[in-house]
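*Asks:* structure, please.
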Amino acid sequence: ELEAMKKNAEIDRKKIDELTREKELLNKKMLKTAADTTKQQDIVKLHEQSKKNLEHEIQNYKEEAQKQRKLIYQLEKERDRYINEASEMTQKCLGAMEEVKIREMQIFDYKKKIAEAETKLKQQQNLYEAVRSDRNLYSKNLIESQDEILEMKRKLKIMNHQIDQLKEEISAKRHCSI
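*Replies:* Numbering: from 1, shown residues only. Below you'll find the predicted structure:
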């Protein structure tokens with residue numbers, strides 16, 4: 001019986017050793033599992049923090065995208081306004097160019113009229129000079145004719161005077177002969 005007890009004790013001791021080893025293995029597994037769980041929890045925390053960071057970044061990107069859309073809208077409105085202004089300015093410029101063409105044509109016509117008037121003026125001046133020259137000539141001729149007339153009147157007066165004297169002499173001689 002002692003032998004059996006020794007054998008049972010030996011079996012129990014082996015079982016205890018085996019159970020102790022199993023317990024140690026389980027403890028190691030539990031520690032490893034706890035470490036793995038802690039690692040996984042840390043990884044989950046990191047992932048959650050990354051998720052929060054990414055969500056925050058996404059929100060920032062959404063806000064920035066909204067700002068960019070507003071800016072694009074404003075820029076498009078500004079572009080349209082500038083296009084309209086440019087179109088208006090182009091129309092004004094074309095109108096001004098047309099006005100310049102009309103004015104240039106008027107200036108050309110006026111220059112033509114001025115040239116015609118200058119030509120006419122030169123002709124008139126030439127005619128005036130010719131008339132003036134003729135007038136001077138006629139005036140000179142008139143003065144000469146008036147001088148001749150005065151000279152002839154003076155001679156006529158002298159002759160009339162001489163005729164009167166001769167008539168008186170003849171009358172006196174007739175009286176004397178009678």
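*Asks:* and the pLDDT for residue 1?
*Replies:* You'll see residue 1 listed with a pLDDT of 71.
*Asks:* measure the residue most central in space within the chain to residue 53 for me?
*Replies:* Residue closest to the mean C-alpha point of the chain, counted by C-alpha atoms, centre = their mean, is residue 89 at 7.2 Å. Separation of residue 89 from residue 53 (C-beta to C-beta, to the nearest Å): 51 Å. Heads up, the C-betas are built off the backbone N, CA and C, glycines and all.
*Asks:* ditto for residue 152
*Replies:* Counting by C-beta to C-beta, the gap from residue 152 to residue 53 is 139 Å.
*Asks:* what of residue 67?
*Replies:* Distance, residue 67 to residue 53, using C-beta to C-beta: 21 Å.
*Asks:* for residue 24, same thing?
*Replies:* Look at residue 24 and residue 53: by C-beta to C-beta, they are 42 Å apart.
*Asks:* ditto for residue 165
*Replies:* From residue 165 to residue 53 the distance is 157 Å (C-beta to C-beta).
*Asks:* for residue 18, same thing?
*Replies:* 51 Å.
*Asks:* now do residue 78
*Replies:* Taking C-beta to C-beta, one finds residue 78 at 36 Å from residue 53.
*Asks:* again, but for residue 59
*Replies:* 11 Å.
*Asks:* do residue 169 as well
*Replies:* Residue 169 is 163 Å from residue 53, by C-beta to C-beta.
*Asks:* give me the neighbour count for residue 134.
*Replies:* 10 (other C-beta atoms under 10 Å).
*Asks:* repeat for residue 20
*Replies:* By the measure other C-beta under 10 Å, the count of residues near residue 20 is 10.
*Asks:* do residue 93 as well
*Replies:* The number of residues packed near residue 93 is 11, by other C-beta under 10 Å.
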